[in-house]
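S.K.: starting from these lines, generate the structure:
(chains A, B and C)
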Amino acid sequence: MNYWLMKSEPDAFGIEDLKSRPEQTEPWDGVRNYQARNFMRDAMKVGDGVFFYHSNCKVPGIVGIAEVASKPYPDPTQFDPDSKYYDPKSDPDDPRWILVDVKFKRDLDRVLSLAEIKEHADALGDFALVRKGNRLSIMPLTEQQWNYLLELETS
DNA sequence: GCCAACGTTGGC
DNA sequence: GCCAACGTTGGC
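M.R.: The predicted structure is shown next:
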């Protein structure tokens, strides 16, 4: 089992939106970064743990827990000319952008803000979120990092 | 294949 | 709203 952190802007799609979806599940569309895509395409497995992270908002941080709910499949928005994620260069016979479905599990008891997480940078070791200038929207965590953050939640 | 210009992310 | 970081694009 692998562990992930996935960012979303709550103004566009927050954890409340995920919770209100049918089956509390949503295709994680719109990822247009190769590194993030590769994580979904090559490494994610159904049942993997996901920290749901709110970015670009008043208090950025981890707000809940979700899980990977599908195998990887082509992101349909890349072929939709009306979508803001439309990519005319993507070949339907060899889709460029891949996604997985994400399913809500639970809210955190409290938000683990980025500021608080940064205070634990030493304990978290080499965690992409606390590295300067990181813009990756999907990143892996080790089991140790995952458990450390869960313990932080109840501390 | 280099790299300047440009666009985007996302914290602050 | 600013701007640092950094990915992408396109001219050469």
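
S.K.: going along the chain, name the helices of chain A.
M.R.: Here chain A has its helices, by DSSP state H, at A:10-13, A:15-20, A:34-38, A:114-119, A:121-124, A:143-153.

S.K.: number of nearby residues for A:Trp4?
M.R.: 24 (other CB atoms under 10 Å). Any C-beta I mention is one placed from the backbone N, CA and C, and that applies to glycine too.

S.K.: ok, now A:Ser155?
M.R.: Neighbour count of A:Ser155, defined by other CB under 10 Å: 6.

S.K.: same check, this time on A:Leu112
M.R.: Neighbours around A:Leu112, by other CB under 10 Å: 19.

S.K.: tell me the confidence at it?
M.R.: Looking at A:Leu112, its pLDDT reads 97.

S.K.: quick one: contacts for the closest residue to it other than its chain neighbours?
M.R.: Among residues not flanking A:Leu112 along the chain, A:Ile62 sits closest, at 4.3 Å (CB to CB, 6 or more residues apart in numbering). For A:Ile62, the contact set (CB atoms under 8 Å, 6 or more residues apart in numbering) comprises A:Leu5, A:Phe51, A:Phe52, A:Tyr53, A:Leu108, A:Val111, A:Leu112, A:Ile117, A:Leu149.

S.K.: if we go to 6 Å?
M.R.: For A:Ile62, the contact set (CB atoms under 6 Å, 6 or more residues apart in numbering) comprises A:Phe51, A:Tyr53, A:Leu112.

S.K.: up against DNA strand C, what does chain A have?
M.R.: Proximity of chain A to DNA strand C, by CB under 7 Å from any atom of the strand, involves residues A:Asn33, A:Tyr34, A:Arg131, A:Lys132, A:Gly133, A:Asn134, A:Arg135.

S.K.: phi and psi next, for the closest residue to DNA strand B within chain A.
M.R.: DNA strand B sits closest to A:Pro60 of chain A, with a gap of 3.5 Å, by CB to the nearest atom of the strand. Main-chain dihedrals, A:Pro60, degrees, to the nearest 10: phi -70, psi 140.

S.K.: thinking again about what came up before, next, format the helices of chain A as JSON lines and append mean neighbour count and distance to A:Asp101.
M.R.: Formatted as JSON lines, the helices of chain A follow (neighbours: other CB atoms under 10 Å; distance: least, CB to CB, whole Å):
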{"stretch": "helix A:10-13", "mean neighbour count": "14", "distance to A:Asp101": "13"}
{"stretch": "helix A:15-20", "mean neighbour count": "15", "distance to A:Asp101": "11"}
{"stretch": "helix A:34-38", "mean neighbour count": "15", "distance to A:Asp101": "15"}
{"stretch": "helix A:114-119", "mean neighbour count": "15", "distance to A:Asp101": "26"}
{"stretch": "helix A:121-124", "mean neighbour count": "13", "distance to A:Asp101": "28"}
{"stretch": "helix A:143-153", "mean neighbour count": "16", "distance to A:Asp101": "20"}
